[in-house]
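*Asks:* here is the input, now give the coordinates:
(chains A and B)
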2 protein chains.
Amino acid sequence: MTVRIGLVGTGTVGGGCIDILQAHKDDFKRHYGIDVELARVCSLSPAEAEAHGVGHLFTNDFNEVINDPDIDLVVELIGGTTFARTVVLGALAAGKNVVTANKALMATHGEEVMDAAAAAGKEIAFEASVGGGIPIIDPLKHSLIANEITSVMGIVNGTTNYMLTRMADDGMDYAEALAEAQAAGFAEADPSADVDGFDAAAKIAILASIAFNSRVVMDQVHTDGITAISPVDLEAARDMGYVVKLLAIAHRRPEGIDVRVHPTMIPDTHQLATVNGVMNAIYVVGDAVGETMFFGAGAGSGPAASAVMGDVLEVARHIEQGVGPIVGCTCTDNLPILPVEELEMKYYIRFSVSDRPGVLAAMTGVFAQHNVSVHSVVQRGKGTNGVVDVVYVTHTARERAIRAVIAEIAALDDVLHADPSVIRVEE
Amino acid sequence: MTVRIGLVGTGTVGGGCIDILQAHKDDFKRHYGIDVELARVCSLSPAEAEAHGVGHLFTNDFNEVINDPDIDLVVELIGGTTFARTVVLGALAAGKNVVTANKALMATHGEEVMDAAAAAGKEIAFEASVGGGIPIIDPLKHSLIANEITSVMGIVNGTTNYMLTRMADDGMDYAEALAEAQAAGFAEADPSADVDGFDAAAKIAILASIAFNSRVVMDQVHTDGITAISPVDLEAARDMGYVVKLLAIAHRRPEGIDVRVHPTMIPDTHQLATVNGVMNAIYVVGDAVGETMFFGAGAGSGPAASAVMGDVLEVARHIEQGVGPIVGCTCTDNLPILPVEELEMKYYIRFSVSDRPGVLAAMTGVFAQHNVSVHSVVQRGKGTNGVVDVVYVTHTARERAIRAVIAEIAALDDVLHADPSVIRVEE
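*Replies:* Next up is the predicted model:
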């Protein structure tokens, strides 16, 4: 039999999927006995469909795809949580299997989507929602299930990793790095989803849900972006044997799930430390397997389409063999999400302060008052215009205490000249 | 229903599997609805079974496992290609599904085993045969199948990677590194399988077969070990911006499959270059996904048992759902294996030669005679006892020509004092 595919969305990833199908359709049949055919293509742009040679399959009405009785599998690549949700839920309700690359949808409405798939007895697959072409959801749902997963940490946003790499290697400041990333097409005109960490937050919500068998939604992820990071932070980190990455972090703690996204200092010997430019990597620790890492391109037409088409072929293989969904929702537990204020770790904090006598003593006094033990305090660079950078690195401290320290220092008369740069440390 | 498991082999990996089952049996049921029970344990050592609390399940006769009508799934962890082959084929013939960690079996009798599984309509799974706990066979058989895979390169032997790391970082010579690895339990008393590259050859045969959809057996893999490597090679590599790793390499070329195991110089910026100690990593390049890498512990009780039990749970899941084998043998093509003599690459060759006038001219003349273009020639260290190291790095040359050069230099009167160290270069 032939499995007929309806594709909704013909942008970068959708175009990549069409290209893969055209290049390798015969290989899929010969190697795996999987016979797939693109039956319908839906988007707002007939020109995009025509550019990939499938203008004859075009419609601009997604209902024509999800209600076509000849279509077995709908691929949703339009993104967002409004139309995409309608398409995905509509396709499942109409008895189609669904493949999506939509991280926002899965990280926000994942439970609803999984429930709809279960109710319909159909498959929902979403490997491409995290890490582009890197196989990570499949290993977590299959190869690694004999483990209790204790940590998942990833560089899952290529845009910010590119910017931080340029800032660290070439001394660019944030604005220069952003402008370059925008010019290169790595960052959007409105870069907020990347630089404020929301993209990474959606991805770690998905990974944590699978790894810990307990639903985490995007809004539960404490998220700090990279907008306050400056080259002086990256130099200071390097001098201490660390690098700074925007990490999406999820740890299983005895009390619950610790999940967050923020700029993070990691030792320069850590396997994630050499993941540079637009590359992504996800580091997974399990009680039996120990440390593992999955590395690759986190975005782009080819990598994302590789993941989407991997899902399409797997679902098609099941359809051809008459096999139903093998793994559904695995969020069987209901672990609490730990408030970030209660977490304990080490902190790097850079203050831009007035370069005058007494300031350092006053600030250090605030740390002492809150019982935050300071590992080192270093003035960096020469003061210009009466402003100087002072870098504190603490011993392990509670986030609540760190916040109190920062608030109190901010309230000191004529001390702070900018928001402090706070970088948490993972050893 | 409960899926009943018969375990054959209670050594390091078998013990790890029992431990996982005991720790997480309830989790598997709650999270995944997979209900597994260890029904029988076979080995030559009742003490090993007792040490893991399963002495009551012990037998020393594998026929009692493979012929037990209540057993659904046999796990073969005895290794080797004699008894293990009998157990695996016998279990399949008796209608059991089989999970194995046996690289030698799969790299030598893989076709026979896959055919037997297909004939029986049962599953054969072997994730643990390559890369210990690293999920690599599953991604190649599922997530990445939309790609034409062009290269698979791996550090797949922890023992030799540990030795090379110690030699590079601490200046140990080969014998010291081996003695330390043996003392630490990383190397066997007879280290040949590791240091001569045969273990890696079995693993790359398995990976190449899956990646290129064409059967490669262990004997077809050109294999050089690390016994001729000395610290001077590692220093020379470092000075040129390279590191030396024992790589298992498989490239898909227009003419066929290029597959080999040998010490290899790779740029120190390559993602594999920082994989040190006993860690393993497999680097995969596909036409859509680009570069990916899978990193983790390549051996040890926990990691190997993680992979074995991942397979066990997946097969058990299928048994409980009434699903037969989803992916069988995918070696549908019959690509030729390219003879190593015809390959072209760059070469590093270190000769220990007599420290006297005319030697360098004579040697360099031999390179010229065979039209092998030399990129650099450097004398390393001071000559002691009238012997000096001379290091050649060539431009791209054919292996056949390199071998002719070496043979001719070896035939020069009173020149060579030891076998040359040949390290191929991958850019």
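*Asks:* low-confidence ranges in the stretch 1-150 of chain A?
*Replies:* Filtered on pLDDT under 70, the stretch 1-150 of chain A yields no residues whatsoever.
*Asks:* and the stretch 201-350 of chain A, which residues reach chain B?
*Replies:* Listed as neighbours of chain B in the stretch 201-350 of chain A under the rule Cβ under 8 Å from any Cβ of the partner chain: A:213, A:271, A:274, A:286-297, A:300, A:302-303, A:305-307, A:309-310, A:312-314, A:317-318, A:321, A:323-324, A:326-327, A:330, A:332-333. Bear in mind the C-beta positions are built from the backbone N, C-alpha and C, glycine included.
*Asks:* right, and residue A:114 touches residue A:329 too?
*Replies:* Yes - using Cβ atoms under 8 Å, residue A:114 is in contact with residue A:329, at 4.0 Å.
*Asks:* find the residues that touch each one of those two.
*Replies:* Listed as contacting both residue A:114 and residue A:329 by Cβ atoms under 8 Å, 6 or more residues apart in numbering or on different chains is no residue at all.
*Asks:* show me the contacts for the residue of chain A most remote from its centre.
*Replies:* In chain A, residue A:357 marks the outermost C-alpha relative to the chain mean, sitting 43.9 Å out by Cα atoms, centre = their mean. Residues near residue A:357 by Cβ under 8 Å, 6+ apart: none.
*Asks:* swap in residue A:38?
*Replies:* Per Cβ under 8 Å, 6+ apart, neighbours of residue A:38: A:5, A:7, A:18, A:21, A:54, A:57.
*Asks:* switch to 6 Å and redo it
*Replies:* A:5, A:21 (Cβ atoms under 6 Å, 6 or more residues apart in numbering or on different chains).
*Asks:* all strands for the stretch 51-200 of chain A, in order.
*Replies:* Along the stretch 51-200 of chain A, the stretches classed as strands by DSSP state E, counting those that start in this stretch are A:58-59, A:73-76, A:97-100, A:124-125, A:149-155.
*Asks:* any bit of the longest one sitting next to chain B?
*Replies:* No - Strand A:149-155 does not reach chain B (Cβ under 6 Å from any Cβ of the partner chain); its nearest approach is 10.7 Å.
*Asks:* what's in contact with that strand?
*Replies:* Contacts for strand A:149-155 (Cβ under 6 Å, 6+ apart): A:161, A:207, A:211, A:245, A:247-252, A:275, A:280-286.
*Asks:* please flag which of those residues sit within strands.
*Replies:* A:245, A:247-252, A:280-286 (DSSP state E).
*Asks:* tabulate those residues in TSV, adding columns for pLDDT and neighbour count.
*Replies:* Below are the ones in strands among the contacts of strand A:149-155 laid out as TSV (pLDDT from 0 to 100; neighbours: other Cβ atoms under 10 Å in any protein chain shown):
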residue	pLDDT	neighbour count
A:245	98	29
A:247	98	25
A:248	98	31
A:249	98	22
A:250	98	26
A:251	98	20
A:252	98	22
A:280	98	27
A:281	98	26
A:282	98	29
A:283	98	23
A:284	98	26
A:285	98	20
A:286	98	24
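*Asks:* out of those residues, which is nearest to chain B?
*Replies:* Chain B has its nearest neighbour among the ones in strands among the contacts of strand A:149-155 in residue A:286, at 6.4 Å by Cβ to the nearest Cβ.
*Asks:* got the contact list for the most centrally placed residue in chain A?
*Replies:* Geometric centre of chain A, nearest residue: residue A:200, 2.9 Å, by Cα atoms, centre = their mean. Contact analysis of residue A:200 by Cβ under 6 Å, 6+ apart lists A:156-157, A:248, A:261.
*Asks:* would you turn those residues into a markdown table with distance to residue B:196?
*Replies:* Below are these laid out as a markdown table (distance: Cβ to Cβ, whole Å):
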| residue | distance to residue B:196 |
| --- | --- |
| A:156 | 41 |
| A:157 | 44 |
| A:248 | 43 |
| A:261 | 47 |
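*Asks:* chain neighbours aside, what residue packs nearest to residue A:390?
*Replies:* Nearest non-adjacent residue to residue A:390, counting by Cβ to Cβ, 6 or more residues apart in numbering or on different chains: residue A:351, 5.0 Å away.
*Asks:* residue A:63 too?
*Replies:* Nearest residue to residue A:63 in three dimensions, chain neighbours excluded: residue A:90, at 7.6 Å (Cβ to Cβ, 6+ apart).
*Asks:* among the residues of the stretch 201-350 of chain A next to chain B, name the buried ones.
*Replies:* The neighbour count (16 or more other Cβ atoms under 10 Å in any protein chain shown) marks A:213, A:271, A:274, A:286-297, A:300, A:302-303, A:305-307, A:309-310, A:312-314, A:317-318, A:323, A:326-327, A:330 as buried among these.
*Asks:* so, low pLDDT: which residues of the stretch 251-400 of chain A?
*Replies:* Along the stretch 251-400 of chain A, segments meeting pLDDT under 70 span A:383.
*Asks:* can you give me the helices for the stretch 151-300 of chain A?
*Replies:* Taking DSSP state H, counting those that start in this stretch as the test, the helices found in the stretch 151-300 of chain A are A:158-170, A:174-183, A:192-195, A:198-212, A:231-239.
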